[in-house]
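In: fold the following and give me the result.
(one chain, ligands or ions: 1)
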Amino acid sequence: MEGGRWQLDINCGGVLNKSLLQSDTDFIDHACSAWRFIAVTQNPTRRRRFDLRSALVTGAIWLTFTGVAASATLNDVRTRDRLICGVSEGLPGFSYRDAAGAWRGFDVDFCRAVAAAALGDAGKVDYVPLSATDRFEALQEGRVDLLSRNSTWTMSRDLGLGIDFAGIAFYDGQGFLANAVDGMTSALELLGARICVVSGTTTENNAADYFASKGMEVFFVQYSKRAAARDAYASGQCDVFTADRSALAAERSLLANPDDHVILPEVISKEPLGPVTREGDAAWTGLVRWTLYGLINAEERGLMAAEFAPAAGFALAAAKDIRSEAIKLGKPASQSLDLPEDWLAVVIGSVGNYREIFDRNLGEDTPLAIDRGVNALWTEGGILYAPPMH
Ligand SMILES: N[C@@H](CCC(=O)N[C@@H](CS)C(=O)NCC(=O)O)C(=O)O
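Out: Numbering: from 1, shown residues only. Okay, here's the model as predicted:
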């Protein structure tokens, strides 16, 4: 580039940019969590100053030609051979410990899926239970690689917290849990009610806006821990408990007599829940995003976990076909994300497709018995829609 200066910039998180420098400065310094990196040339053939390991330069040039973006987070995950996944502190169906102490749930299965993609082993996950208040800070500070914890994608979080939402894993909405004995059938009967709510969530503002719009005065009773809010509700210190409807289904399953409690019909907000990554590592966010979309596309194509482990009754030849279909589906990502070509086959073989994950943790045969509803595929009357993978 005559008269110009090219800056090779490996951004925090490894996104490769090339940009033309406007100023006369020939030494640009980029602070980055992963590395510090400077490389400027006056013209493409003459290198003036470098302050970087030659290996990185070679790597950067290689990346330019191969299209493989290095991810600092993926590198960390591979170095420690474990994914550190932030989950909730114990929400049945989503993330909780079973009687043997093993983590289970919809959000947990997503952590397992990402570990299967990144490390080839869904079991290589360390779980960090995080409260609603602590979750984003834990991600920002690098205490977790990924947050898979009923977190609502909102504009202020997306733009203001240094985090990225990788996609929507569950379409939720806020509602109210009430005691059936009270005979309540609608949130519009809540004038003057005491409402239990967990702080650090989107929940209280939504409810405040809702009742303000209806001209109804209500009284919020705040708790920082969900268990405390549940206990308060159960002991009659609040008339209703408000939260995401999925969380209310989980709460109800924990009450002494779940059938004595009803979730009122009103859905007063949009709560698109999804996995969250730290901002600045586009390749890692891409890996998390396409793992999610891979699970949804796998449901759409009917690729199921059982088919990857040929057991009695399932022909080896058919299993091979299914495996090569999954490999073909995931292949375009393997070079760009630095993953083995069978990454998606490993993911589906380890955790199943979206439907299998949903049914196992939240479906009709579980204590939560959540209907697929809007979380059904777009081809089946829902709004679950993943971009194609070619
Ligand atoms: N989706 C909402 C609410 C998420 C949330 O943390 N809700 C609480 C209240 S039910 C919860 O699930 N806590 C889980 C736990 O304490 O383990 C948000 O992102 O703010």
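
In: quick check: the residue nearest the centre of the chain vs residue 119, distance?
Out: Nearest to the mean C-alpha position of the chain, counting by C-alpha atoms, centre = their mean, stands residue 275 at 1.0 Å. From residue 275 across to residue 119, the span is 16 Å (C-beta to C-beta, to the nearest Å). All C-beta atoms are positioned from the backbone trio N, CA, C, and that covers glycine.

In: if we can go back for a sec, what sits against the residue nearest to the centre of the chain?
Out: Applying C-beta atoms under 8 Å, 6 or more residues apart in numbering, we find residue 275 in contact with 110, 114, 146, 147, 148, 165, 166, 167, 169, 288, 292.

In: where does it land on pLDDT?
Out: pLDDT for residue 275: 98.

In: what about the residue of the stretch 251-390 of the chain found nearest the ligand, how many neighbours?
Out: For the stretch 251-390 of the chain, the residue closest to the ligand is residue 271, as judged by C-beta to the nearest ligand atom, at 4.9 Å. When neighbours are defined as other C-beta atoms under 10 Å, residue 271 has 27 of them.

In: surely it touches residue 201?
Out: No. Counting by C-beta atoms under 8 Å, residue 271 sits too far from residue 201 to count as a contact (9.5 Å).

In: those helices in this protein, which residues are they?
Out: Under the criterion DSSP state H, the chain contains helices at 54-66, 72-80, 106-119, 135-140, 155-160, 203-213, 226-234, 245-254, 282-301, 316-337, 343-351, 354-361.

In: so what touches the fourth one?
Out: So that's helix 135-140. 86, 128, 130, 144, 146-147, 149, 151, 157, 161-163, 276-278.

In: buried ones among those residues?
Out: When the contacts of helix 135-140 are checked for burial by 16 or more other C-beta atoms under 10 Å, the buried set is 86, 128, 130, 144, 146-147, 149, 151, 157, 161, 163, 276-278.

In: so where's the stretch 1-150 of the chain shaky on pLDDT?
Out: Within the stretch 1-150 of the chain, the ranges that satisfy pLDDT under 70 run 1-69.

In: which residues of it lie near the ligand?
Out: 88, 89, 90, 91, 132, 150 (C-beta under 6 Å from any ligand atom).

In: count the neighbours of the residue lying closest to the fifth one once chain neighbours are set aside for me.
Out: Take residue 132 and drop its neighbours on the chain: the residue closest to it by C-beta to C-beta, 6 or more residues apart in numbering is residue 200, 3.8 Å away. Taking other C-beta under 10 Å as the criterion, the count of residues near residue 200 is 14.

In: identify the residues contacting residue 200.
Out: Residue 200 makes contact with 131, 132, 133, 134, 224, according to C-beta under 8 Å, 6+ apart.

In: what's the most distant pair in the residues you listed?
Out: 134 and 224 (10.0 Å; C-beta to C-beta).

In: more neighbours, those two?
Out: The residue with more neighbours, out of residue 134 and residue 224, is residue 134; 16 against 12, by other C-beta under 10 Å.

In: in contact with that one, which residues are there?
Out: For residue 134, the contact set (C-beta under 8 Å, 6+ apart) comprises residue 200.

In: wait, isn't residue 76 in contact with residue 145?
Out: Yes. At 6.9 Å, residue 76 counts as touching residue 145 under the criterion of C-beta under 8 Å.

In: of the two, which one has the most company?
Out: The neighbour comparison of residue 76 against residue 145 (other C-beta under 10 Å) goes to residue 145, with 28 against 18.

In: for the more buried one, what are its contacts?
Out: 73, 76, 77, 83, 84, 85, 277, 284.

In: and of the residues you listed, the nearest to the ligand?
Out: So of the contacts of residue 145, ranked by how close each gets to the ligand (C-beta to the nearest ligand atom), first place is residue 85, at 14.0 Å.

In: any idea how far the closest one lies from residue 125?
Out: Going from residue 85 to residue 125 by C-beta to C-beta gives 5 Å.

In: common neighbours of these two, please.
Out: Common contacts of residue 85 and residue 125 (C-beta under 8 Å, 6+ apart): 108, 111, 115.

In: tell me the residues of the stretch 151-300 of the chain that contact the ligand?
Out: By the rule C-beta under 6 Å from any ligand atom, the part of the stretch 151-300 of the chain lying against the ligand is 151, 152, 198, 201, 202, 203, 226, 243, 244, 247, 271, 273.

In: the first one touches residue 274, doesn't it?
Out: Think residue 151. Yes. Look at residue 151 against residue 274 with C-beta under 8 Å: they come within range, at 7.0 Å.

In: common neighbours of those two, please.
Out: The contact sets of residue 151 and residue 274 overlap at residue 165 (C-beta under 8 Å, 6+ apart).

In: break this protein into its domains for me.
Out: 5-70, 74-171+273-380, 179-263 (automatic domain parsing).

In: adding distance to residue 388, write these out as a markdown table.
Out: Shown next, in a markdown table, are the domains of the chain (distance: least, C-beta to C-beta, whole Å):
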| stretch | distance to residue 388 |
| --- | --- |
| domain 5-70 | 19 |
| domain 74-171+273-380 | 7 |
| domain 179-263 | 28 |
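
In: return the most buried member of these.
Out: Highest mean neighbour count of the domains of the chain: domain 74-171+273-380, a mean of 19 (counted as mean count of other C-beta atoms under 10 Å).
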